[in-house]
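Engineer: Model the structure of this input:
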Amino acid sequence: MGHLDHAALGWLTPVLSYVMACIGAALGLRCTMRALGATGRSRRNWLITAASAIGTGIWTMHFVAMLGFSVSGTDIRYDVPLTIVSLLVAMIVVCAGVFAVGYSRDRARALFLGGLTTGLGVASMHYLGMAAVRLHGQVHYDPVLVGLSVLIAVVAATAALWAALNIKSPVAVTIASLIMGAAVSSMHYTGMFAVSVRVTPSGAALPGATAMQFIFPLAVGLGSYLFLTSAFVALSPSTGEREASASAQRPVEHVAAH
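Structural biologist: Numbering: from 1, shown residues only. Next comes the predicted model:
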């Protein structure tokens, strides 16, 4: 059996992956809150932004953490198309969950279905990402820990959607984001602890790209997207601020008319 190291680069990858998960959760919560206060095309656009933020944050968290993953006795490569598919899965299922909450009149039913869909999607993203790993040997999973990781993903997704529906203040959003980041990270490492590898030594070249060739540049790009989108959301006026501004302008316009 090959020895697995989940933090080959020290605390850098666990801490950075947690930060990315928190940023994605915070941005997703803020965008969902904006969506619930909007209508029409504006609501749809905010929900799409929320889904892309949460999906990007989760995927980036996973693969930043994978930068610290190593197995003794073998190199590791990643299947590029399958890795891209895992990103698309994360985006699509999170989008489905967010839209279910954003448009449903039955909030309780939407929360259950959205949390279940999103949680299963997050777990699918994780295990698709693991299926993209190429190494000399066979990968095995502990079914109990796999089941636990899926349960954590569903609970975390449901909690995130509940927070989006019920939390309003910036402080509460920050606390919820920190908790969500911890939940997503816990799901990832629970899934990783389910992994064992029986190494088969070989001198043959592995197919796919190294983490630094492919995963690192993509993670940096998506991370930059999260930071830039966070800045946009922070600077964009909320519905309440726009209404206050419009109310303040009405007396001025009325006086000018006279």
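
Engineer: show me where the stretch 51-200 of the chain has helices.
Structural biologist: 80-103, 107-131, 143-166, 170-193 (DSSP state H, counting those that start in this stretch).

Engineer: and of those helices, who's closest to residue 21?
Structural biologist: Closest to residue 21 of those, according to C-beta to C-beta: helix 170-193, at 4.0 Å. (Each C-beta comes from the backbone N, C-alpha and C, glycine too.)

Engineer: Tell me the buried residues in the closest one?
Structural biologist: 173, 176-177, 179-181, 183-192 (16 or more other C-beta atoms under 10 Å).

Engineer: Which strands and helices lie in contact with that helix?
Structural biologist: If you count contacts as 3 or more C-beta pairs under 8 Å, 6 or more residues apart in numbering; DSSP states H and E, helix 170-193 packs onto helix 12-36, helix 40-66, helix 107-131, helix 143-166.

Engineer: of the buried residues of helix 170-193, closest to residue 114?
Structural biologist: For those, the nearest to residue 114 is residue 180 (14.5 Å; C-beta to C-beta).

Engineer: check contacts around that closest one.
Structural biologist: By C-beta atoms under 8 Å, 6 or more residues apart in numbering, the contact set of residue 180 is 21, 22, 25, 29, 156, 159, 160, 163.

Engineer: I'd assumed residue 215 was in contact with residue 66.
Structural biologist: Yes. Between residue 66 and residue 215 a contact is recorded at 6.5 Å, counting by C-beta atoms under 8 Å.

Engineer: For the helix or strand where residue 218 lies, name the packing helices and strands.
Structural biologist: If you go by DSSP states H and E, residue 218 is part of helix 216-235. Under the contact criterion of 3+ C-beta pairs under 8 Å, 6+ apart, helix 216-235 touches helix 12-36, helix 40-66.

Engineer: Could you check how far that helix is from the centre of its chain?
Structural biologist: The chain centre lies 13 Å from the centre of helix 216-235; the measure is C-alpha atoms, centre = their mean, to the nearest Å.

Engineer: Over to stretch 29-47?
Structural biologist: Here the centre of stretch 29-47 is set off from its chain's centre by 18 Å, with C-alpha atoms, centre = their mean.

Engineer: In it, which of the residues would be classed as buried?
Structural biologist: So, applying 16+ other C-beta under 10 Å, buried residues of stretch 29-47: 29, 30, 31, 32, 33, 34, 35, 36, 38, 43, 46, 47.

Engineer: Likewise for stretch 139-155?
Structural biologist: Going by neighbour count (16+ other C-beta under 10 Å), the buried part of stretch 139-155 is 146, 148, 149, 150, 152, 153, 154.
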